[in-house]
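*Asks:* dropping the sequence and predicted coords here.
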Amino acid sequence: MTKIIVRGGQRLSGTVRVSGAKNAVLPILAASLLAAEGDSVICDVPLLDDVMTIQQVLASLGAKLSYNNETMRISAASITSFEAPYELIRKMRASFLVMGPLLARIGKVRISLPGGCAIGTRPIDQHLKGFEAMGAEITLGHGFIEASVVKRLKGAKIYLDVASVGATENIMMAAALAEGTTTIENAAKEPEIVDLANYLNAMGAKVRGAGTGMIRIEGVDQMHGAAHNVIPDRVEAGTYMIAAAITGGDVFVEGAISDHLTPVISKLQEMGVEVSESDNGIRVSAAHALKSVDVKTLPHPGFPTDMQSQMMALLLVAEGTAVVTETVFENRFMHVEEFQKMNAQIKVEGRSAFVSGGSRLSGAKVCATDLRAGAALICAALRADGETEISGIHHVDRGYVNITGKLASLGALISRVEAAAVAAEAPVAVAAAAASVASHSAESAAAETSGSGSYKRVKVQPTWA
Ligand SMILES: CC(=O)N[C@H]1[C@@H](OP(=O)(O)OP(=O)(O)OC[C@H]2O[C@@H](n3ccc(=O)[nH]c3=O)[C@H](O)[C@@H]2O)O[C@H](CO)[C@@H](O)[C@@H]1O
Ligand SMILES: C=C(OP(=O)(O)O)C(=O)O
């Protein structure tokens with residue numbers, strides 16, 4: 001089992017570059033299926049497991065894709081299948097986003113119910129309600145959804161019961177090639193929705209109002225490939241901001257867009273973290289003791305649920321008690337039990353967690369129960385006494401490019417140890433990171449090379465243990 005091992009206590013400093021946003025690139029790649037002619041060229045595509053999964057989904061449908069140097073080229077001129085394979089769709093939530101484009105482009109789709117982080121029941125009723133309003137016939141059975149439309153989808157007025165990110169994206173993509181105009185009311189307003197709309201418009205669609213609660217899409221007859229740069233990942237950026245703050249560090253998060261991170265920046269500032277925004281990034285410096293703040297997750301522009309667990313890690317080391325309330329997903333406190341193994345004092349009551357700050361965190365063996373839980377455990381481990389061993393790393397690989405290399409380049413003593421090597425090599429692997437941090441050599445930053453699938457083992461050079 002692959003593990004990440006962290007020896008806490010190092011103050012992070014330096015610059016870390018944010019990769020392209022996972023939650024933007026996945027719908028954008030799905031939207032590429034709408035192009036009947038011309039290639040799409042998508043830049044700043046992060047090398048993540050989720051990107052590899054969507055790439056495989058698109059290829060299984062007949063699209064031709066190539067990836068080089070964070071650039072994905074896609075030709076979807078010929079779609080040869082309407083069936084998205086179960087093995088891929090079950091791996092992640094966003095793979096369900098091929099449903100809208102397939103319905104719009106070829107009028108037929110068979111797809112299994114999606115997987116993704118186990119943070120709630122995550123229904124897809126709002127996606128289906130939108131497609132039905134546009135004239136699709138939908139049947140459900142044995143874990144699969146089949147949908148078809150006679151001739152072409154028709155524009156409709158759709159009100160979402162919840163401002164779902166995925167439903168807004170799926171319906172927007174379907175509506176782009178529908179006959180007539182579609183309006184989505186109570187639409188999600190996340191920056192990733194705006195990025196998708198910009199890409200759709202570059203492909204010839206007519207989408208207005210993305211980023212507000214009312215999106216209007218005038219259907220067009222045909223779309224074409226287009227070039228697009230993916231926005232930087234606000235959750236990855238926020239995670240490094242918290243990693244800097246929890247270690248009392250001083251880090252410049254290059255590429256982070258402050259407008260996308262307003263609630264996170266505000267909460268950090270309320271806690272006493274110094275945050276300065278510039279054109280090309282955000283600097284975070286935490287020289288003083290931090291004080292607790294209450295946090296409530298909400299759809300954008302509220303505090304993002306994807307930053308809740310990392311924020312909780314920071315609150316563990318602040319002075320005072322904080323109430324963290326999760327309103328977006330009904331089961332997103334699984335990290336609490338793992339934090340408790342690190343001596344965290346947290347009590348959960350319903351949708352709120354009462355976090356007593358000031359605990360002296362201690363290293364432990366913990367498990368990433370989902371993607372952001374994994375990131376939060378890494379943040380806590382950076383501050384904890386001794387060594388923390390984090391398993392469940394496949395979750396982290398879904399959403400963070402080279403997290404150990406990036407943190408090591410900031411001075412963290414962190415290492416990734418693959419499968420069977422864990423027991424035998426763990427201490428020396430972390431020691432190697434310690435040795436390389438001392439010299440800030442390129443080796444530690446390159447301890448893993450660009451993303452999952454191509455990791456290099458850290459060289460062994462024990463200096464402690
Ligand atoms: C790939 C991607 O972009 N994932 C993000 C996306 O997930 P995702 O698109 O799955 O999240 P949604 O915005 O759809 O979910 C928000 C809430 O709406 C509910 N709901 C959703 C759809 C539906 O048809 N019916 C329904 O009731 C969900 O159960 C949840 O309670 O937005 C979430 C909320 O910001 C983020 O945490 C995820 O990182
Ligand atoms: C919940 C997340 O992802 P997904 O929707 O893909 O499960 C996330 O990115 O934190």
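*Replies:* Nice, thanks for sending it over. Ligands and ions are numbered 1, 2, ... in the order given.
*Asks:* any low-confidence regions in the stretch 1-150 of the chain?
*Replies:* 115-117 (pLDDT under 70).
*Asks:* for it, just list every one of the helices.
*Replies:* Ranges of helices in the stretch 1-150 of the chain, per DSSP state H, counting those that start in this stretch, are 22-31, 49-60, 86-89, 99-106, 125-133.
*Asks:* any chance of those in CSV, plus mean neighbour count?
*Replies:* Just so you know, the C-beta spots here come from the backbone N, C-alpha and C atoms, and that holds for glycine as well. CSV is the format used below for the helices of the stretch 1-150 of the chain (neighbours: other Cβ atoms under 10 Å):
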stretch, mean neighbour count
helix 22-31, 28
helix 49-60, 21
helix 86-89, 18
helix 99-106, 26
helix 125-133, 19
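*Asks:* domain assignment for this structure?
*Replies:* In terms of domains, the chain is parsed into 3-19+232-445, 22-229 (source: automatic domain parsing).
*Asks:* okay if I get these as TSV plus distance to ligand 2?
*Replies:* As requested, these are exported to TSV (distance: least, Cβ to the nearest ligand atom, whole Å):
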stretch	distance to ligand 2
domain 3-19+232-445	4
domain 22-229	3
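*Asks:* out of the helices of the stretch 1-150 of the chain, which comes closest to residue 260?
*Replies:* helix 22-31 (10.3 Å; Cβ to Cβ).
*Asks:* can that closest one be said to contact ligand 1?
*Replies:* Yes - under the criterion of Cβ under 6 Å from any ligand atom, ligand 1 is reached by helix 22-31 at 23, 26.
*Asks:* pull the residues that contact that helix.
*Replies:* By Cβ atoms under 8 Å, 6 or more residues apart in numbering, the list of residues contacting helix 22-31 from outside reads 42, 44-46, 48, 50-51, 54-55, 58, 72, 74, 92, 94-95, 97-98, 100-101, 165, 169, 173, 176, 190-192, 195-196, 199-200, 203, 228, 230-231, 233, 235-236, 306, 398-399.
*Asks:* and what of stretch 59-69?
*Replies:* Stretch 59-69 has contacts (Cβ under 8 Å, 6+ apart) with 32-33, 45, 47, 55, 58, 72-76, 78-82, 84-85, 88, 98, 102.
*Asks:* I'd like to know which of these are buried.
*Replies:* Taking 16 or more other Cβ atoms under 10 Å as the criterion, what is buried in the contacts of stretch 59-69 is 32-33, 45, 47, 55, 58, 72-76, 79, 82, 84-85, 88, 98, 102.
*Asks:* of these, which belong to strands?
*Replies:* Residues of the buried ones among the contacts of stretch 59-69 located in strands (DSSP state E): 72-75, 84.
*Asks:* now the residues you listed in a markdown table, with distance to residue 13?
*Replies:* Shown next, in a markdown table, are those (distance: Cβ to Cβ, whole Å):
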| residue | distance to residue 13 |
| --- | --- |
| 72 | 33 |
| 73 | 38 |
| 74 | 39 |
| 75 | 44 |
| 84 | 45 |
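*Asks:* now for these: which two are most distant?
*Replies:* Largest separation among those by Cβ to Cβ: 73 and 84, giving 21.2 Å.
*Asks:* secondary structure element holding the nearest residue to residue 338 once chain neighbours are set aside?
*Replies:* Excluding the flanking residues, the one nearest residue 338 by Cβ to Cβ, 6 or more residues apart in numbering is residue 366, at 4.3 Å. Taking DSSP states H and E as the criterion, residue 366 maps to strand 365-367.
*Asks:* tell me which residues are up against that strand.
*Replies:* 338-339, 341-342, 377, 381, 388-392.
*Asks:* run me through the strand neighbours of it, direction for each.
*Replies:* In the sheet, strand 365-367 lines up against strand 387-391 (parallel) (DSSP bridges).
*Asks:* how far is the strand it pairs with from where the chain is centred?
*Replies:* 22 Å (Cα atoms, centre = their mean, to the nearest Å).
*Asks:* over to stretch 120-132?
*Replies:* The chain centre lies 20 Å from the centre of stretch 120-132; the measure is Cα atoms, centre = their mean.
*Asks:* what about residue 224, distance to residue 210?
*Replies:* 20 Å (Cβ to Cβ, to the nearest Å).
*Asks:* I meant to write residue 38 there.
*Replies:* As defined by Cβ to Cβ, residue 38 lies at a distance of 22 Å from residue 210.
*Asks:* one more: residue 60?
*Replies:* From residue 60 across to residue 210, the span is 29 Å (Cβ to Cβ).
*Asks:* how about whichever strand or helix holds residue 240: buried residues?
*Replies:* If you go by DSSP H and E, residue 240 is part of helix 234-246. Across helix 234-246, burial judged by 16+ other Cβ under 10 Å covers 234-246.
*Asks:* ok, now stretch 2-13?
*Replies:* Buried-residue list, stretch 2-13, by 16+ other Cβ under 10 Å: 2-8, 10-13.
*Asks:* looking at the residues you listed, which is nearest ligand 1?
*Replies:* Nearest to ligand 1, judged by Cβ to the nearest ligand atom, of the buried residues of stretch 2-13 is residue 4 at 20.7 Å.
*Asks:* for the closest one, list each beta-bridge partner.
*Replies:* Taking DSSP bridges as the rule, residue 4 bridges to residue 390, residue 416.
*Asks:* thought it was touching residue 414?
*Replies:* Yes - under the criterion of Cβ atoms under 8 Å, residue 4 makes contact with residue 414 at 6.6 Å.
*Asks:* need the residues touching each of those two.
*Replies:* Residues touching both residue 4 and residue 414 (Cβ under 8 Å, 6+ apart): 378, 404.
*Asks:* after the helix holding residue 240, which helix or strand is next?
*Replies:* Counting by DSSP H and E, the element after helix 234-246 in chain order, helix or strand, is strand 250-254.
*Asks:* can you pull out the helices in the stretch 201-350 of the chain?
*Replies:* 234-246, 262-271, 308-315, 334-341.
*Asks:* the closest residue to residue 6 other than its chain neighbours: what secondary structure?
*Replies:* Closest residue to residue 6 apart from its sequence neighbours, by Cβ to Cβ, 6+ apart: residue 381 at 3.7 Å. For residue 381, the assignment made with DSSP: H, G, I helix; E, B strand; the rest coil gives helix.
*Asks:* what's the closest non-adjacent residue to residue 211?
*Replies:* residue 194 (4.4 Å).
*Asks:* revised request: answer the last question for residue 81.
*Replies:* Using Cβ to Cβ, 6+ apart and skipping residues adjacent in sequence, the residue nearest residue 81 is residue 61, 5.1 Å away.
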